[in-house]
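Participant: sequence plus predicted model, see below.
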Amino acid sequence: MPQANPSIPSPRYALLPSAAHREVAGEIFVITADRGFHRLDSSTAAAVFRLLAAAPHSIEELAAAITATHEVDLATAIRDIGEFVDTLVDRHIAQAVQPATFAVPNS
């Protein structure tokens, strides 16, 4: 994942409407428009997926949410979640939908 440039807003990601999903016993099963079948069986992957199902999020927002509930540092979470979201995009489960907007503090 490329190094973030603070002057350029990070993209937000959301699930594609064409990717149908169900959660069964804590695992998430996804079927994509190309009839691909995917199983998310880790608690972290499922948590990220649920966040994306609820609303668009940037990698940084997802990482912050995961570090609040899992024992992982922010840098590792950003790296790992970035790779996971890239995989979701590659598999036609998620897409970049809009840039995130960040408030700039007044000086």
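Facilitator: Cool, the structure landed.
Participant: from here on, contacts and neighbour counts on C-alpha atoms
Facilitator: Will do.
Participant: ok, the closest residue to residue 43 other than its chain neighbours - contacts?
Facilitator: Spatially, and ignoring its direct neighbours in sequence, residue 43 is nearest to residue 26 (7.5 Å; CA to CA, 6 or more residues apart in numbering). Applying CA atoms under 8 Å, 6 or more residues apart in numbering to residue 26 gives the contacts 41, 43, 46.
Participant: who wins for neighbours among these?
Facilitator: residue 46 (18 neighbours; other CA atoms under 10 Å).
Participant: for the residue nearest to residue 43, phi and psi?
Facilitator: Residue 26 adopts backbone torsions of phi 80, psi -10, taken as degrees, to the nearest 10.
Participant: how many residues are close by residue 24?
Facilitator: 9.
Participant: beta-bridge partners for it, please?
Facilitator: For residue 24, the beta-bridge partners are residue 27 (DSSP bridges).
Participant: just checking, residue 27 touches residue 42?
Facilitator: Yes. Counting by CA atoms under 8 Å, residue 42 is a contact partner of residue 27 at 7.4 Å.
Participant: looking at the two, which is more packed in?
Facilitator: residue 27 (14 against 11).
Participant: thinking again about what came up before, tell me the one of the contacts of residue 26 nearest residue 94?
Facilitator: residue 46 (13.7 Å; CA to CA).
Participant: following whichever helix or strand that closest one is part of, which helix or strand comes up?
Facilitator: If you go by DSSP states H and E, residue 46 is part of helix 43-54. Downstream of helix 43-54, the first helix or strand assigned by DSSP H and E is strand 57-58.
Participant: and the helix or strand bottoming out on mean pLDDT in the chain, what does it pack against?
Facilitator: Here the helix or strand of the chain ranked lowest by mean pLDDT, DSSP states H and E is strand 94-99, holding a mean of 86. Identification of packing neighbours for strand 94-99 by 3 or more CA pairs under 8 Å, 6 or more residues apart in numbering; DSSP states H and E yields strand 11-15, helix 74-90.
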